[in-house]
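Q: curious how this folds, go ahead:
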Amino acid sequence: MVLGVIVLCIYGLFGLPDFPTSWAGVKQNFANRIRLGLDLQGGTHLVLQVQVNEAVRQETDESEGQLAKLLRDRNVPSDQPIVTGDSQIKVSNVSPDQVGNLRSIVTDSFPTWDLSPAPGEPNGYLLNMKNSAIALIQDHALTQSRETIERRIDQLGLVEPVVALYGQGDNEIIVELPGEGDPVRARQVIQAGGQLEIRLVVDPTPYASEAAALAAHNGVLPPDTELMQFKQASVTATGSDAADSGQWFLVDRRPVVTGTDLRSATPERNAEKPPYYQVGFHLSTDAARRFGPFTEANVGHPMATIMDHRIQLIATIESRIDDQGRIEGQFTQDEASDLALILNAGALPASIRYLDQRTVGPSLGADSIRHGVEASIISLLVVMVFMVMYYTDELAYFNAVLTLPGIAGVILTIGMGVDSNVLIFERIREERRAGKAEVSAVDQGFKRAFLTIIDTHVTTVVSAVFLFLFGTGPVKGFAVSLTIGLLANLFTSVYVSRMIFDWHLARMPRQARAGA
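A: Just a heads-up that it's a prediction; the model follows:
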């Protein structure tokens, strides 16, 4: 059995050998089996905070638009509903005989909102989102942000990235990118909103500023419209209206297509402008059913493609478009690829703020490896050299990631292994002092130490399990190496040590074993 375990250990460390093999090949196999974490390999460590209240505000804006439409459809006279807070809508000048209709609308269509009279306004009413609904939106925004960031990071092709919730109720996410050579690009990919929208341009007249646009409409925008600005002068489209950076356009507030309607997005070379790239996208079947009639009904009218609340291009609709489109611009190949990646991964439900960023360079990683190895060698010289095989082997066998805390876990389990053996030896000595023979002393010593060893190891394993379940990257590495070491300790101290004792006693003369 011990021989079988040793063979499995060697396989876990080096895998199957290549024939013909060489020392360089063996070293390469070993390097491939042991993967290094962020602190040893180098990379980027980020702590992000999701601005979850933006998701609440977005839900409030959408509810305000729905409420305005329902009031018009049911002929309830009132002023246009306005958003007065992240989770509050005010409706003014409601006719007293229409209050019942207003309450009916809120009850039927807005079950997560409470209706109450507005203080100081006899005919005014406030809709306040319920606290339970706010908490649900915030939790969903945090979870969706983590999943979206994880999808974007996965598409960067990194090995073992960590994207996990962080902190205690502060809406924080930790991101660890081992081996990322370009943290600036990774940060840009993470932070980009990726919120694609296609809207009808209500007024194709370009305005030099937001104030100029408001002045042209007497300070009040038409219902269900908003002003948006061009992102950059370089973005153009076939048949587009002339537009420069800084110009503002009046667009429909309701998008006909959003990023959630995308089926796929791919970067492609712009045939009309060979040095540049564009991003083509295909819509889902449901979105195509909406987009086709929309474009057919608005042939000859301008349409805006919007990314992250900025207009990317304005193009005139020349014919019906069903299930595809493109985003043109002076994009490089990398820019087009990143944009397609963001669109495919989905939009963030809210913006994010960076609380911490640390870059671990290769030199720091090398220093950590060197110091960790030196500490391990010193520990191994103090105890038994062969014990390290059980710890590093299992990391390779289960394809785990070795981190600096993981090395600390290995060293800790070496000490616990020594403690287990000392406990067994002291029990044997007690039996010998009681006058028992060698064989009997060994047998009773192992039996009496067994329960104590099991108790200490199980309690520590339980602690390690909780560290693994609720911890992040380095903490998980520590928990994995600690658990593996504890299981190896049980095997070596209880089984292998007993086998060595029995083998040694079997070679002793019968008289010596009897204690004569």
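Q: could you use CA atoms for every contact and neighbour count after this?
A: Will do.
Q: check which residues of the longest helix anywhere in the chain are buried.
A: Secondary structure of the chain per DSSP state H: the longest helix is helix 438-470. Within helix 438-470, the residues that qualify as buried are 438-439, 441-446, 449-450, 453, 457, 461, 464-465, 467-468, counting by 16 or more other CA atoms under 10 Å.
Q: and stretch 413-433, how far out from the chain middle?
A: Its chain's average C-alpha position is 46 Å from that of stretch 413-433, according to CA atoms, centre = their mean, to the nearest Å.
Q: now do that stretch, average pLDDT.
A: Model confidence over stretch 413-433, given as mean pLDDT, is 79.
Q: any idea how far Val99 lies from Pro122?
A: 12 Å (CA to CA, to the nearest Å).
Q: what do you get for Leu227?
A: Applying CA to CA to Leu227 and Pro122 gives a distance of 32 Å.
Q: more neighbours, the two?
A: Neighbour comparison, Leu227 and Pro122: the larger count goes to Leu227, with 21 against 12 (by other CA atoms under 10 Å).
Q: is it true that that one touches Leu250?
A: Yes - counting by CA atoms under 8 Å, a contact exists between Leu227 and Leu250, whose distance comes to 4.7 Å.
Q: just the terminal-to-terminal distance for stretch 203-217.
A: From the first residue to the last, stretch 203-217 extends over 11 Å; the measure is CA to CA.
Q: in the stretch 301-450 of the chain, which spans are helices?
A: 333-345, 362-382, 387-397, 404-433, 438-470 (DSSP state H, counting those that start in this stretch).
Q: in JSON lines, list those along with distance to Tyr276.
A: Rendered in JSON lines, the data for the helices of the stretch 301-450 of the chain read as follows (distance: least, CA to CA, whole Å):
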{"stretch": "helix 333-345", "distance to Tyr276": "7"}
{"stretch": "helix 362-382", "distance to Tyr276": "35"}
{"stretch": "helix 387-397", "distance to Tyr276": "46"}
{"stretch": "helix 404-433", "distance to Tyr276": "45"}
{"stretch": "helix 438-470", "distance to Tyr276": "46"}
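Q: worst average pLDDT in these?
A: When the helices of the stretch 301-450 of the chain are compared on mean pLDDT, helix 387-397 scores lowest, with a mean of 53.
Q: mind saving the C-alpha coords of the helix or strand where Phe294 lies as PDB?
A: Secondary structure assigned from DSSP states H and E places Phe294 in helix 285-297. Provided in PDB are the C-alpha atoms of helix 285-297 (Å, rounded to 0.1, in the frame of the first residue of the first chain):
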ATOM      1  CA  THR A 285     -35.200  36.300 -32.700                       C
ATOM      2  CA  ASP A 286     -37.400  38.300 -30.300                       C
ATOM      3  CA  ALA A 287     -35.400  41.500 -30.900                       C
ATOM      4  CA  ALA A 288     -35.600  41.000 -34.700                       C
ATOM      5  CA  ARG A 289     -39.400  40.800 -34.500                       C
ATOM      6  CA  ARG A 290     -39.300  44.300 -32.900                       C
ATOM      7  CA  PHE A 291     -36.500  45.800 -34.900                       C
ATOM      8  CA  GLY A 292     -37.900  44.800 -38.300                       C
ATOM      9  CA  PRO A 293     -41.200  46.700 -38.000                       C
ATOM     10  CA  PHE A 294     -39.400  49.600 -36.200                       C
ATOM     11  CA  THR A 295     -36.900  50.200 -39.100                       C
ATOM     12  CA  GLU A 296     -39.700  49.700 -41.700                       C
ATOM     13  CA  ALA A 297     -41.900  52.300 -40.100                       C
END
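Q: just the buried residues of it, please?
A: Judged by neighbour count using 16+ other CA under 10 Å, the buried positions of helix 285-297 are 287-288, 291-292, 294-295.
Q: min pLDDT across the residues you listed, which one?
A: Across the buried residues of helix 285-297, no position has a lower pLDDT than Ala287, which has 81.
Q: wait, that residue touches Asp323, no?
A: Yes - look at Ala287 against Asp323 with CA under 8 Å: they come within range, at 7.5 Å.
Q: about what we covered before: what lies in contact with the helix holding Phe294?
A: Residues outside helix 285-297 that contact it (CA atoms under 8 Å, 6 or more residues apart in numbering): 256-257, 261, 317, 319-323.
Q: make TSV out of those and add distance to Lys90 and pLDDT.
A: Listed next are the contacts of helix 285-297 as TSV, based on distance: CA to CA, whole Å; pLDDT from 0 to 100:
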residue	distance to Lys90	pLDDT
Val256	26	84
Val257	28	79
Asp261	31	76
Ile317	37	80
Ser319	41	78
Arg320	39	83
Ile321	39	78
Asp322	38	79
Asp323	39	78
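Q: thank you, goodbye.
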